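Chemist: Here's a sequence, model it:
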Amino acid sequence: EFRRVLFRSGIQCILASQIVDKGTRTVWPQQADALTFKPVSGRNYELPAQGASESASLLLLLMNDLPHPTAAEQRAIRAAGLWFWKTAIYGQSWTGTSEGRELVDKPGAGPIWARYYQIGTDKPVFGDRDKSIHDNVSELSAERRNGYAWYSADAQRVLDRFDKWSAEHPESK
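Modeler: Numbers count the residues shown, from 1 in each chain. Here you go, the predicted structure:
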């Protein structure tokens, strides 16, 4: 019983930390303030932004470990799943080149997701060690551009699971 109470408390924290932009739920930050649940920075290059990688893990937890989700949990899951569909990047690949890691055009590639998305625009955003913020990964110092997972295809498993979850939990009218 105690574990179940702790698990439910954890779920409430997850729901409370989901980013809401102009009344619309999106996904989660990489780090959230322990008291306000608002997005905060981690290391200098880790922005208070929508975090695709961390959100993918949280969304999979919600879809897989809540067999009978509440209405609030369903809204959170549905909103995050739709956000992943909306922000998927196609036709590009994060790959090593002679210049280091770069985002390059590659027909048929994807989907991939950026590590961070700016709250309010859902556009990829990147941070460097000097705390500078960039909207193009190629503007980062070589050390940061090459030493961090700025893009990933890991959230593909979210899309696969979300389609199945949506069929199992049709939206009530």
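Chemist: The residue nearest to the spatial centre of the chain and residue 153, how far apart?
Modeler: By C-alpha atoms, centre = their mean, the chain has its centre lying nearest to residue 52, at 1.9 Å. Separation of residue 52 from residue 153 (C-beta to C-beta, to the nearest Å): 11 Å. The C-beta positions use only the backbone N, C-alpha and C, and glycine is treated the same way.
Chemist: what do these two both touch?
Modeler: Common neighbours of residue 52 and residue 153 (criterion: C-beta atoms under 8 Å, 6 or more residues apart in numbering): residue 113.
Chemist: what packs against the helix or strand where residue 102 lies?
Modeler: For residue 102, the host element (DSSP states H and E) is strand 100-105. Contacts defined by 3 or more C-beta pairs under 8 Å, 6 or more residues apart in numbering; DSSP states H and E place strand 100-105 against strand 92-97, helix 142-146.
Chemist: For residue 3, find the nearest of these.
Modeler: Closest to residue 3 of the helices and strands packed on strand 100-105 is strand 92-97 (C-beta to C-beta; 38.9 Å).
Chemist: now for the closest one, which elements pack on it?
Modeler: Packed against strand 92-97, as judged by 3+ C-beta pairs under 8 Å, 6+ apart, are the following elements: strand 100-105.
Chemist: hmm, who's touching the strand it packs on?
Modeler: For strand 100-105, contacts defined as C-beta under 8 Å, 6+ apart pick out 91-97, 137-138, 142, 145-146, 150-151.
Chemist: what's the angle from that strand to strand 92-97?
Modeler: Angle, strand 100-105 to strand 92-97, by axes from the mean of the first three to the mean of the last three C-alpha atoms, to 10 degrees: 150 degrees.
Chemist: Just the mean pLDDT for whatever helix or strand comes next after strand 100-105, thanks.
Modeler: Counting by DSSP H and E, the next helix or strand C-terminal to strand 100-105 is strand 113-114. The average pLDDT within strand 113-114 is 98.
Chemist: and if you look at stretch 72-92?
Modeler: pLDDT averaged over stretch 72-92 gives 97.
Chemist: Only the buried residues of it, if you could.
Modeler: If you call a residue buried by 16 or more other C-beta atoms under 10 Å, then stretch 72-92 has these buried ones: 73-74, 76-81, 83-84, 87-89, 92.
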